[in-house]
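Engineer: please work out how this folds:
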Amino acid sequence: MDHVKSQGALDRASPRRVALLVVAILSFFAIGYFSALIVHWHGETLRIRDRAAIVAYSPGGHQSARVGEPLASSPRTVDDLIEIQRQVVQCIEQCSPATVAIAIVGDHFHGGLAGSGVVVTEDGFILTAGHVSAESDRQVTVTFPDGTSVNGETLGMSMASDTGMIKITDEGKYPFVPLAESGDIEIGEWCLALGYPGGFDRERGAVARIGRLIGTSLSTIRTDCKLLGGDSGGPLFNLAGQLIGIHSRISDSPDENYHAPISAFHRGWQDLQEKEMIQYWDERRGGFLGDLDCAPLEDDAGLLIRKLSGESPAALAGLRLGDIITHIDGNKIIDTLEYDTAIGGQLPGARISLRYRRGTQSLAVDVILGEKPEPEPVR
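Structural biologist: Have a look, this model is predicted:
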């Protein structure tokens, strides 16, 4: 009889044990899930925090008061996160009015779609990619985010730096953005990419992507801001609201998106305005460092000198075979295009500052560029 009672009590207790076991298992998974959420949220707050240092400016391009002081290395309160969000939203809102869509009139092959651009002067000068403007004197339609369209024409372009310029031909005063100074960027800083991927969409407006600067050199900026077709020619801003680059080459890899740096526009501003069409070889017509055979090294470490004529300006300045050129006039040199642009953009007789490595030594020297020898006649 006692055995029957015990068995009945056991039968009644079993569902309770099962229920408790189920609750324990669910609690274990719930604790793990919410712990993962907390870790993820903390990581996101650290990433968001670095976007805090923003300077607001008016659509007319004039800087105004700082919209918020940079926060500490990590947000400490919910108010910190709200302030960061406010700053980012305000920066996007103030960068967008000058970001335009570019359509080439009469380009039926591409349906008139060309890409994006950004207005940089009140009277309507637009910076874009060289492969977007392509040729001078092309008629274009420039569309602002509110759907307003105006007429324009293409000016000059450079194939080497992929820089181009367009001028709005309809008279008016237009929203524009300020330009950063040449070289005023740092690896790792946050940046904001705007553009019209897939073409203009009034309801959507300009699409913003936030990323970081991964690499810089004389002719390119590399970021992890994801770009798509239609973004070409669009602006890249630092979070002070200054234009630091123009979208140039789009890669399938998320961290290999390239932009023409604002320094290339500073260097070529007059040529672009005067409708010059700069080919690769045109930018190599200037100064002469020597008949060097250089090979780019892995990890953008510089150019290895494999051949050097004895009477060249480089040799007379003390460079030797095996030296590695790393910088010219403070600009990092990672490939032969960078080298050609840095030297070819100078006139014979110009003095350049050259930094290089010899073994474990880091050296620097000033070099007076010579004049390129005339090519030998074809026989």
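Engineer: for the stretch 251-379 of the chain, just list every one of the strands.
Structural biologist: 257-261, 277-278, 287-288, 293-296, 303-307, 324-328, 331-332, 351-358, 361-368, 370-371 (DSSP state E, counting those that start in this stretch).
Engineer: can you check the stretch 51-200 of the chain too?
Structural biologist: 54-57, 63-68, 99-104, 113-119, 125-129, 139-143, 149-158, 163-168, 190-195.
Engineer: mind checking those strands for the one nearest to residue 77?
Structural biologist: Between residue 77 and those, the shortest gap by Cβ to Cβ is with strand 63-68, which sits at 14.0 Å. In this view, the C-beta of every residue, glycine as well, is placed from N, C-alpha and C.
Engineer: Provide a list of residues in contact with residue 163.
Structural biologist: Listed by Cβ atoms under 8 Å, 6 or more residues apart in numbering, the contact partners of residue 163 are 127, 129, 130, 157, 246, 260, 264, 265, 268, 272.
Engineer: residue 370: neighbouring residues, count only.
Structural biologist: Per other Cβ atoms under 10 Å, the neighbour tally for residue 370 reads 17.
Engineer: domain assignment for this protein?
Structural biologist: Annotated domains of the chain cover 2-95, 99-279, 284-371 [automatic domain parsing].
Engineer: next one: the second one to chain centre, how far?
Structural biologist: When C-alpha coordinates are averaged (Cα atoms, centre = their mean, to the nearest Å), domain 99-279 and its chain have centres 11 Å apart.
Engineer: do the same with stretch 82-97
Structural biologist: 19 Å.
Engineer: just the CA trace of that stretch, in CSV.
Structural biologist: What follows is stretch 82-97, C-alpha atoms only, in CSV (Å, rounded to 0.1, in the frame of the first residue of the first chain):
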residue,chain,number,x,y,z
ILE,A,82,21.4,60.2,-28.3
GLU,A,83,23.9,63.0,-28.8
ILE,A,84,25.9,61.0,-31.2
GLN,A,85,22.8,60.0,-33.2
ARG,A,86,21.8,63.7,-33.4
GLN,A,87,25.2,64.7,-34.7
VAL,A,88,25.3,62.1,-37.4
VAL,A,89,21.8,62.8,-38.6
GLN,A,90,22.5,66.6,-38.7
CYS,A,91,25.7,66.0,-40.7
ILE,A,92,23.8,63.9,-43.3
GLU,A,93,21.0,66.5,-43.6
GLN,A,94,23.5,69.3,-44.2
CYS,A,95,25.7,67.4,-46.7
SER,A,96,22.8,66.2,-48.8
PRO,A,97,21.4,69.4,-50.4
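Engineer: so residue 259 touches residue 248, yeah?
Structural biologist: Yes: with contact defined as Cβ atoms under 8 Å, residue 259 reaches residue 248; the gap is 5.5 Å.
Engineer: circling back to that earlier point, out of the domains of the chain, which is the most enclosed?
Structural biologist: Most buried of the domains of the chain, by mean neighbour count (mean count of other Cβ atoms under 10 Å): domain 99-279, with a mean of 20.
Engineer: mean confidence for that one?
Structural biologist: Mean pLDDT, computed over domain 99-279, is 88.
Engineer: again with stretch 351-363
Structural biologist: The pLDDT scores in stretch 351-363 average 92.
Engineer: so what touches that stretch?
Structural biologist: Here stretch 351-363 has contacts from 287, 289, 302, 317, 319-320, 322-330, 342-343, 346, 364-369, using Cβ under 8 Å, 6+ apart.
Engineer: same thing but at 10 Å, please
Structural biologist: Under the contact criterion Cβ atoms under 10 Å, 6 or more residues apart in numbering, stretch 351-363 has outside partners 287, 289, 301-305, 313-314, 317-320, 322-333, 342-343, 346, 364-369.
Engineer: can you map out the helices along this protein?
Structural biologist: Secondary structure of the chain (DSSP state H): helices at 2-49, 78-95, 130-133, 262-273, 313-316, 336-344.
Engineer: ranking the ones you listed by mean pLDDT, which is last?
Structural biologist: helix 2-49 (a mean of 48).
Engineer: sorry, back to before: can I get the strands of the stretch 51-200 of the chain in TSV with distance to residue 93?
Structural biologist: TSV is the format used below for the strands of the stretch 51-200 of the chain (distance: least, Cβ to Cβ, whole Å):
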stretch	distance to residue 93
strand 54-57	9
strand 63-68	11
strand 99-104	11
strand 113-119	15
strand 125-129	20
strand 139-143	18
strand 149-158	22
strand 163-168	22
strand 190-195	11
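Engineer: closest one to residue 182 among these?
Structural biologist: strand 163-168 (13.1 Å).
Engineer: would you mind writing the CA trace of that closest one as PDB?
Structural biologist: Provided in PDB are the C-alpha atoms of strand 163-168 (Å, rounded to 0.1, in the frame of the first residue of the first chain):
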ATOM      1  CA  THR A 163      38.800  63.800 -61.700                       C
ATOM      2  CA  GLY A 164      36.100  65.700 -63.600                       C
ATOM      3  CA  MET A 165      34.300  69.100 -63.400                       C
ATOM      4  CA  ILE A 166      30.900  70.300 -64.500                       C
ATOM      5  CA  LYS A 167      29.400  73.800 -64.500                       C
ATOM      6  CA  ILE A 168      25.700  74.600 -64.100                       C
END
